[in-house]
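Participant: below: sequence and its predicted model.
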Amino acid sequence: MRNLPLLAGLILLAGCAYPNPQHVASLNAMIGKSETDLVRAYGVPVRSVETGGSKFLAYSDHKIESFPDGPYWGAYGWHGGWGWRGYGPWGSDVEEFTCETTFELKEGVVKGWNLRGNAC
C-alpha cells in the first residue's frame, strides 16, 4: 500500500510517452517514400538544406498555451506564484511548445527522420 502513489505516478508517466507512438508510426511510414510523396503528406517544409549528399527537409509545429491564474506545481517550482517570470502573486503562466520534424532524403527518397522540441 505504501507504493501505491509511486505506482500511480509511473502509470501517469507511461501515458505521456515521448515521442507519441502514433506519430512515430506515421513518420516511419514515410521511409522509402519519394520527396514528392513527403511534400504531399506534410506540405511545403519551412526550410531545407543539402549537405554531404543528403537533403534535409524541416517541418515545424508551434503553439502557445496559457495556464489559469493561481499557483500550481510544475517541473521548476511554483508556476505563477510570487513574481515568477515577473507576474504578480497569482499571475497566469504562458508556455511555448514546439516540435521540429526533419526528414533526411538521399537521391529523392526518405531515409530517416529526427524530432526536436518539447512537444513531439
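Facilitator: Structure's in. What do you need?

Participant: how about the helices in the protein?
Facilitator: Remark: helices assigned in the chain by DSSP state H are 4-14, 21-28, 35-42.

Participant: buried sites along the last one?
Facilitator: Spelled out, it's helix 35-42. Judged by neighbour count (16 or more other CB atoms under 10 Å), helix 35-42 contains these buried residues: 35, 38. In short, each C-beta sits where N, CA and C put it, glycine included.

Participant: just the second one next, same as before
Facilitator: Under the neighbour-count criterion of 16+ other CB under 10 Å, helix 21-28 has residue 27 buried.

Participant: can you start the count at 55 instead of 1 from here on
Facilitator: Renumbered: residue one is now 55, and that last one reads helix 75-82.

Participant: contacts for that helix next, please.
Facilitator: Contacts with helix 75-82, where a contact means CB atoms under 8 Å, 6 or more residues apart in numbering, come from 155, 167, 169, 174.

Participant: list just the nearest of these to residue 102.
Facilitator: Here the nearest of the contacts of helix 75-82 to residue 102, counting by CB to CB, is residue 155; it sits at 12.7 Å.
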